[in-house]
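> The following comprises the amino acid sequence and a computationally predicted model.
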Amino acid sequence: MIVLRVAIAVPVFTLFDYLPPQGIGQKDLRPGMRARVPFGRGERTALIFEVATEARHSPTRLKRVSQLIDPEPILRAGDLELLRWTAEYYQHPIGEVVANALPVRLRQGKPLSALQAAVWCLTASGRAQPPSELTRAPRQARLLRLLQNADTPLSQERIYRQFGPCLALLRRLEARGWLDRGGLDPAVADVFAGAQAPAPQLNREQRAAVERVTASLDRFRAHLLEGVTGSGKTEVYLALIEAVVARGCQALVLVPEIGLTPQLMQRFQRRLAVPLALLHSGLGEVERAAAWNRARLGVAGVVIGTRSSLFTPLPNLGLVVVDEEHDLSFKQQDGVRYSARDLAVYRAQRSRCPVVLGSATPSFESLKNAAEGRYLALHLSRRAGGAQAPRVELMDIRSVKLDAGVSPRLAGMVGEELAAGNQVLLFLNRRGYAPVFTCHDCGWLAQCQRCDARMTVHQSSQRLDCHHCGASRTLPLRCPECGGESLLRLGQGTERLEAMLRERFPQYGVVRIDRDATRRRGSLGARLEEIKSGKYSLLLGTQMLAKGHHFPGVTLVGVLDLDQGLFGADYRSTERMAQLLVQVAGRAGRADKPGRVQVQTRHPDHPLLQTLLRAGYGEFARAGLLERRAVQLPPYSFQALLRAEAHRAEAAIGFLDDATAAATAVGCDAVTLWGPVPAPMERRAGRYRYQLLLQAAQRRTLQDLLAQWVPVLARLTSARRVRWSIDVDPQEQY
Ligand code: ADP
Ligand code: ZN
Ligand code: ZN
């Protein structure tokens, strides 16, 4: 008897047993294949994890798989192991972990063969045909020109995105003998003319870092590459990738969401002479699945992508790199709440290869691991190419009158730099025009009706938006309470700052980078290119502007409001504030034009700020780690957060009370439970949110409790009245 144990994307923690499809024998059934299975009233895509010889339930009750999708496994044993481990560690249903890891097309059950047919390439005569001769068919001419101008054959998806749907037109060009469909293996469709740019001669520290890592290319070793911004970390990654690729292995490079700019991609493309799989947000679903498949087949030598690329199957994995490892975007904050950074270390260990975590501002977790010798610490202490580190100064703004958040002194400095022909960057981590809208006559405040939060004024759209639930309404002209017309916009957002700068410095180009200004796909990349080309003198934005990009023309950086970060509710807020400040500061300056950074604050004597500025991030982190150890907070302890939300507060509290009782029943002496307590924002999108915090001195103790406890939670009656989730190693407290 044969039983297939499969994962299905439903919130159930176990695998499901099925009988094999009619007429298919054991030798044709292997773990890692997908199948269609009857489920409930419909059918689902399932992934086979085990081919077993006995059922866990009575075999008469088992249903039969309707159809195998893949003739061969699409995932290997090691890939399945990674998924299983993720599900267990993060206490998440295995089927949802699988769904999270697979490209959408494969999750939907599309066969791999469907990914191959969508590339169009020019034939020799198509390449020779001048589009200008097609005067009677202007659309054909335009399409032909598009194809001729591209460096590579284009996928149908990409053509559609640039041209609009045009299948009939493509077929007509094909009929004229100018186009071939899928004539080229899409495996090479993304290979640009690589290796055009020469590598710089590495400096001593870079060479030392490369040598330390290459000394252990055939075994697991975790490295923390701590190097100030612009110190040449990327060059170290590139040298390591070259070494790994030369051995016939593959490299996996994880980058933060925001840093994944065309520039970084192009840099890798220009330097590496191997096929790359670039998993960026501009890809269509077919392209994404095709890139995934190239990696799986070993055709792509390097995979570069954000968080979810961690799960890309790589048969010859030889190196894992996590750039900006401290970045919060490596932790998924909903669904499967995994940390791609932490899983990267696990994956390297399983694959017996080195992993390099790089950052100018490493997370406290990684610094502790390096201090204790678990990670090998590598340092790049100076900026490459001779540029100096920027000078950072605090600007006391107590009792100073600000204009759109800018002090007169800072405004004066901005004017001087602009007059000298330099670029200036102003950083304000709040989008919109003003965070408060209130009535001068009666004190009415624009509150979100579904959240414990105020609504933000957006001047250009004339709307009030809630940044927490997305609620939006038109900006009232009169107070809804008293009908008065003296409505005030209080506080500063990037939109107001932009308006002030345009008015005050009308002769200079101003550009704003935040989520509102870059909503359209590709517009962030376009703006960044324009900044590089010198089109703008004044750059302003939120933390989007702080990460990953380098603006060598910038000589002055102004941080308008740092104080929010000093007194945040989360114990990690000072760590984040320091990381942000160092990252913002690192955006600026080059050899001949060093940058300086002015930080406006009302707490210039704050001890942590003082340590950060006088002694640098390393000292700051050491002081911070001592504090954490004194109060036994992570990384000196391990946490999990059980969150619950419901339309009635009692339902959420009741569930968490039952959960507490269940933990006691399981037995949890070595794990401390705190709560239930309301989340920092108690009501959001109309739901009341409560949480229970678990903490233990040992990771193992916490994991042991979770393994017994979470399945019990799923069966509680009170669980049916709430939305609940478990977050292992939570990064945010709300
Ligand atoms: P990071 O990744 O640490 O921010 P990058 O690798 O992007 O630093 O390097 C910053 C700049 O310095 C880049 O323009 C890079 O080309 C240049 N650079 C890096 N290493 C060297 C080197 N050894 N010699 C000359 N220029 C270098
Ligand atoms: Zn009023
Ligand atoms: Zn809201």
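That came in fine, so what should we check first? Numbering: from 1, shown residues only. Ligands and ions are numbered 1, 2, ... in the order given.
> Report how many residues lie close to V10.
13 (other CB atoms under 10 Å). All C-beta spots, glycine's among them, are computed from the backbone N, C-alpha and C.
> So what pairs up with the closest residue to ligand 2 within the stretch 601-734 of the chain in the strands?
Going by CB to the ion, ligand 2 is nearest to R683 of the stretch 601-734 of the chain, at 23.7 Å. With DSSP bridges as the criterion, R683 is bridged to Y688.
> got a list of what it touches?
R450, C451, D452, R689 (CB atoms under 8 Å, 6 or more residues apart in numbering).
> Give me every residue in this structure lying close to ligand 2.
Selection of the chain residues close to ligand 2 by CB under 5 Å from the ion yields C439, D441, C442, W444, C479, E481, C482, G484.
> Just the buried subset of the residues you listed, please.
C439, W444, C479 (16 or more other CB atoms under 10 Å).
> Of these, which belong to strands?
Residues of these located in strands (DSSP state E): C439.
> Make TSV from the buried ones among the residues of the chain next to ligand 2 and add distance to L224 to it.
What follows is these, written out as TSV (distance: CB to CB, whole Å):
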residue	distance to L224
C439	53
W444	52
C479	55
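> so which of the buried ones among the residues of the chain next to ligand 2 comes closest to R643?
Nearest to R643 among those is W444, at 32.4 Å by CB to CB.
> Just the closest of the contacts of R683 to ligand 3, please.
C451 (3.3 Å).
> okay but that closest one is in contact with R684, surely?
Yes - contact criterion CB atoms under 8 Å: C451 and R684 qualify, at 4.7 Å.
> buried stuff in stretch 125-136?
Quick answer for stretch 125-136 (16+ other CB under 10 Å): G126, Q129, P131, L134.
> ditto for stretch 501-513
Those would be L501, R504, F505, Y508, V510, V511, R512, I513, for stretch 501-513 by 16+ other CB under 10 Å.
> now do stretch 156-169
For stretch 156-169, by 16+ other CB under 10 Å, it's Q156, E157, R158, I159, Y160, R161, F163, C166, L169.
> how about the residues you listed in TSV, adding pLDDT?
Shown next, in TSV, are the buried residues of stretch 156-169 (pLDDT from 0 to 100):
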residue	pLDDT
Q156	74
E157	70
R158	75
I159	80
Y160	76
R161	73
F163	81
C166	82
L169	89
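> related to what we said a few turns ago, would you turn the buried residues of stretch 125-136 into TSV with pLDDT and secondary structure?
Formatted as TSV, the buried residues of stretch 125-136 follow (pLDDT from 0 to 100; DSSP: H, G, I helix; E, B strand; the rest coil):
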residue	pLDDT	secondary structure
G126	88	helix
Q129	90	coil
P131	91	helix
L134	88	coil
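> so where's the stretch 601-734 of the chain uncertain?
734 (pLDDT under 70).
> Helices along that one, start to end?
For the stretch 601-734 of the chain, the helices defined by DSSP state H, counting those that start in this stretch occupy 607-615, 617-630, 649-666, 699-715.
> Tell me which of those sits most buried.
Compared across the helices of the stretch 601-734 of the chain, helix 649-666 shows the largest average neighbour count, a mean of 18 (mean count of other CB atoms under 10 Å).
> then it to PDB, C-alphas only?
Output of helix 649-666 as PDB, limited to C-alpha atoms (Å, rounded to 0.1, in the frame of the first residue of the first chain):
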ATOM      1  CA  ALA A 649     -12.000  43.200  23.200                       C
ATOM      2  CA  GLU A 650     -13.400  40.400  25.500                       C
ATOM      3  CA  ALA A 651     -13.100  37.800  22.800                       C
ATOM      4  CA  ALA A 652      -9.400  38.600  22.300                       C
ATOM      5  CA  ILE A 653      -8.700  38.700  26.100                       C
ATOM      6  CA  GLY A 654     -10.700  35.500  26.600                       C
ATOM      7  CA  PHE A 655      -8.700  33.600  24.000                       C
ATOM      8  CA  LEU A 656      -5.400  34.800  25.500                       C
ATOM      9  CA  ASP A 657      -6.600  33.800  29.000                       C
ATOM     10  CA  ASP A 658      -7.400  30.300  27.700                       C
ATOM     11  CA  ALA A 659      -4.000  30.200  26.000                       C
ATOM     12  CA  THR A 660      -2.300  31.100  29.300                       C
ATOM     13  CA  ALA A 661      -4.200  28.300  31.100                       C
ATOM     14  CA  ALA A 662      -3.200  25.900  28.300                       C
ATOM     15  CA  ALA A 663       0.500  26.800  28.700                       C
ATOM     16  CA  THR A 664       0.300  26.100  32.400                       C
ATOM     17  CA  ALA A 665      -1.400  22.800  31.700                       C
ATOM     18  CA  VAL A 666       1.500  21.900  29.300                       C
END
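> And the contacts of it?
Residues contacting helix 649-666 (CB under 8 Å, 6+ apart): 642, 644-646, 671, 673, 675-676, 682, 688-692, 694, 705, 708-709, 712-713, 716, 718-719, 721-722, 724.
> Just the buried residues from the residues you listed, in ChimeraX please.
Here is the ChimeraX command that selects the buried residues among the contacts of helix 649-666 (16+ other CB under 10 Å):
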select :642,644,645,646,671,673,675,676,682,688,689,690,691,692,694,705,709,713,716,718,719,721,722,724
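> Flag every residue of the chain that's near ligand 1.
By CB under 6 Å from any ligand atom, the part of the chain that sits against ligand 1 consists of 200-203, 206, 227, 229-235, 384-385.
> still on that earlier bit, just curious, which of the buried ones among the residues of the chain next to ligand 2 is nearest to V65?
Comparing those against V65 with CB to CB places W444 closest, at 61.6 Å.
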